[in-house]
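Asker: missing the sequence, but the structure's below:
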Ligand code: SAH
């Protein structure tokens with residue numbers, strides 16, 4: 001089928017088979033104006049011209065894992081490690097609440113210094129102080145019991161990118177003790193437990209093929225997560241992938257638009273990695289159908305230390321305190337930052 005026709009079909013059916021996915025991955029860029037226009041139209045049907053914000057608190061950069069792409073992998077002896085206390089995390093939330101944030105995302109390495117109960121206590125404390133806010137966790141693969149404990153403590157959402165759906169490709173990015181299967185099982189468990197769950201992948205990670213990306217789109221159609229995070233791979237100088245090229249901004253934008261058309265209601269951030277690689281990257285993401293931005297709400301003195309990849313943005317409009325700057329940027333392309341919790345819903349947007 002002609003690629004423009006395929007895009008129209010995707011816009012009507014919100015589904016793709018693997019061959020169609022491959023065609024869009026390979027040829028979508030030649031039709032990016034059509035893709036971006038339809039993706040924006042779809043996002044506006046679901047969310048109006050609202051952009052949801054999430055305050056990202058990177059509370060520990062200790063990690064027991066050794067993912068080959070990640071700057072905070074345990075083997076990186078040059079990483080300056082830090083952990084935040086419960087009180088420091090609560091202080092971030094208080095500051096964020098004052099700025100208008102109503103979702104707090106606690107992200108970190110897989111750091112067993114915090115017991116399951118420590119994390120539960122942190123979630124309970126945030127929910128007690130800010131009952132009108134959502135709490136999102138993003139701290140890796142755990143047992144069903146642990147996820148259930150944190151859900152009961154009040155966690156609403158969980159981000160766990162599947163990274164790549166293909167087991168063989170997964171094995172080229174991770175040491176043998178980590179598996180694609182376990183990570184995918186965690187995502188199904190999170191959904192079953194009632195979390196709004198977020199999957200996702202890096203674009204242009206080493207050894208990635210177009211077929212791998214097509215499999216990612218097939219996996220997402222099976223899982224049907226409420227959130228999808230994608231961003232370009234960016235090398236970090238202290239990892240085994242230090243000499244690998246970064247992923248393509250254009251392909252990331254094409255995939256954002258395809259994801260928006262596949263999943264009209266999904267919560268889809270314009271990620272920090274996209275902003276890091278391209279000037280105005282987050283605005284490009286919105287123009288490709290993204291509807292979420294996650295500014296950095298970590299304490300100033302640790303922001304430069306959560307370095308997953310080189311040159312990671314953490315200042316300027318990326319910083320939560322600069323929300324006004326971000327509001328201006330977003331307004332300049334006809335959107336507006338809103339202070340709502342921004343939960344997943346399949347209700348179409350109606351002007352309130
Ligand atoms: N430990 C948590 C949080 C991981 S950091 C977890 O296991 O989910 C969040 C995401 O950053 C990862 O899922 C990965 O997709 C992305 N990331 C890590 N290193 C990266 C790199 N070098 N370039 C781009 N994205 C990277």
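Answerer: Yes, it's here. On a predicted model such as this, the values are computed, not experimentally measured, just so you know.
Asker: Can you show me the strands along the stretch 201-350 of the chain?
Answerer: 227-232, 292-293, 336-338 (DSSP state E, counting those that start in this stretch).
Asker: out of the ones you listed, which comes closest to the ligand?
Answerer: For those, distance to the ligand was read as Cβ to the nearest ligand atom. The smallest value, 5.5 Å, belongs to strand 227-232. No exception for glycine: its C-beta is placed from N, CA and C like everyone else's.
Asker: What lies in contact with the closest one?
Answerer: By Cβ atoms under 8 Å, 6 or more residues apart in numbering, the surrounding residues in contact with strand 227-232 are 157, 159, 161, 196-204, 220, 246-249, 251-252, 255-256, 259, 263, 266-269, 271-274, 277, 292, 344.
Asker: what are the ranges of the helices in the stretch 251-352 of the chain?
Answerer: All helices of the stretch 251-352 of the chain, identified by DSSP state H, counting those that start in this stretch, fall at 272-277, 281-287, 300-303, 323-332.
Asker: need these in TSV with mean pLDDT, distance to the ligand and mean neighbour count, can you?
Answerer: As requested, the helices of the stretch 251-352 of the chain are arranged in TSV below (pLDDT from 0 to 100; distance: least, Cβ to the nearest ligand atom, whole Å; neighbours: other Cβ atoms under 10 Å):
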stretch	mean pLDDT	distance to the ligand	mean neighbour count
helix 272-277	94	5	24
helix 281-287	97	13	23
helix 300-303	92	15	14
helix 323-332	95	21	16
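Asker: Quick one, which of the contacts of strand 227-232 are buried?
Answerer: With burial judged by 16 or more other Cβ atoms under 10 Å, the buried subset of those is 157, 159, 161, 196-204, 220, 246-249, 251-252, 255-256, 259, 263, 266-269, 271-274, 277, 292.
Asker: With adjacent residues omitted, what lies nearest to the residue nearest to the spatial centre of the chain?
Answerer: Using Cα atoms, centre = their mean, the residue of the chain that lies closest to the mean C-alpha position is residue 229, 3.0 Å off. Beyond its immediate neighbours in the sequence, the residue positioned closest to residue 229 (Cβ to Cβ, 6 or more residues apart in numbering) is residue 200, lying 3.6 Å away.
Asker: what's the helix or strand for the one you found?
Answerer: Per DSSP states H and E, residue 200 falls inside strand 196-203.
Asker: who touches that strand?
Answerer: Residues lying outside strand 196-203 but in contact with it, judged by Cβ under 8 Å, 6+ apart, are 69, 136, 138, 156-165, 187, 190-191, 208, 213, 216, 219-220, 223, 225-233, 247-248, 251-252, 255, 267, 273, 343-344.
Asker: now do stretch 24-40
Answerer: With contacts defined as Cβ under 8 Å, 6+ apart, stretch 24-40 is touched by 3-4, 6-7, 10-11, 16, 210, 213-214, 250-251, 253-258, 260-261, 286-289.
Asker: Check stretch 209-216 too.
Answerer: Residues external to stretch 209-216 that are found in contact with it (Cβ under 8 Å, 6+ apart): 18, 21-22, 25-26, 162, 164-166, 169, 201, 203, 255.
Asker: Which of these fall in helices?
Answerer: Judged by DSSP state H, the subset of the contacts of stretch 209-216 located in helices is 18, 21-22, 25-26, 169, 255.
Asker: where does the protein have its least confident helix or strand?
Answerer: Counting by mean pLDDT, DSSP states H and E, the weakest-scoring helix or strand in the chain turns out to be helix 300-303, with a mean of 92.
Asker: For that one, name the packing helices and strands.
Answerer: Using 3 or more Cβ pairs under 8 Å, 6 or more residues apart in numbering; DSSP states H and E as the contact criterion, helix 300-303 has no neighbours among helices and strands.
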